[in-house]
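> Kindly generate the corresponding structure for this input.
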Amino acid sequence: MPRLFTGIEIPAEIALALSSFRGGLPGARWVDPENYHITLRFIGDIDERMADDVCSALGDARRRGPLTLTLDGLDSFGGSKPRAVFARTSGNGELSELQAEQERLMRQVGLAPETRRFTPHVTLARLKHASPVDVADYIATRGHFPRLTFTARRFVLYSSRASVGGGPYVIEAAYPLG
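Numbering: from 1, shown residues only. The predicted structure follows:
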């Protein structure tokens, strides 16, 4: 299997609303709306045997109910060397619990711990040589971000091919929430 990660899909109507923020930022490579998602756990490049173990472990995940999620603003990663612009997901303890459970399950099958802090978000653009001033201006001029709320009824195991800018992503397996 190629590179794997788990995530929450973004419904088409939310993706359409997010796509209206595309453009107007020099150095941005915009993510295609059909590839919008909230990453829960990056797994990486693994062999078929480990992929089978991952699928099995995810199938054993506790069945919680659907999650109501809200995107409530724009932000960026990278500070003085911005690398991405994203839609922020407001605090959701249930989403953090789901991510923590997946982290625990991935460690049980032998994967190394994730070193990055979980920051739930939807990446809108990846940045290369973008000025921090341009990024700040971009975010400031789009200050009226509508609260976008949706219900996630499942999480999925995605695969991706090595490419510039991510995607296309393929759903390898889906796991219901509830």
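
> rest of the way, CA atoms for contacts and neighbours
OK.

> same for whichever helix in the chain runs longest, what does it pack against?
Looking across the chain with DSSP state H, the single longest helix is helix 93-108. Secondary-structure packing of helix 93-108 (3 or more C-alpha pairs under 8 Å, 6 or more residues apart in numbering; DSSP states H and E): strand 37-45, helix 48-59.

> contacts for that helix?
40-41, 43, 54, 57-58, 61, 67, 112-114, 118 (C-alpha atoms under 8 Å, 6 or more residues apart in numbering).

> since we're on the closest residue in space to Thr151 that isn't next to it in sequence, how many residues are nearby?
Distances taken as C-alpha to C-alpha, 6 or more residues apart in numbering put Thr68 closest to Thr151, at 4.4 Å, once the chain neighbours are dropped. Neighbour count for Thr68, taken as other C-alpha atoms under 10 Å: 13.

> now the helix or strand containing Thr68, how far from the chain's geometric center?
Using DSSP states H and E, Thr68 maps to strand 67-77. Its chain's C-alpha centre and that of strand 67-77 lie 11 Å apart, by C-alpha atoms, centre = their mean, to the nearest Å.

> mind listing what's buried in that strand?
67, 69-76 (16 or more other C-alpha atoms under 10 Å).

> Can you tell me which of those is nearest Arg147?
Distances from the buried residues of strand 67-77 to Arg147 were compared by C-alpha to C-alpha; the smallest belongs to Asp72, at 4.7 Å.

> No further questions, thank you.
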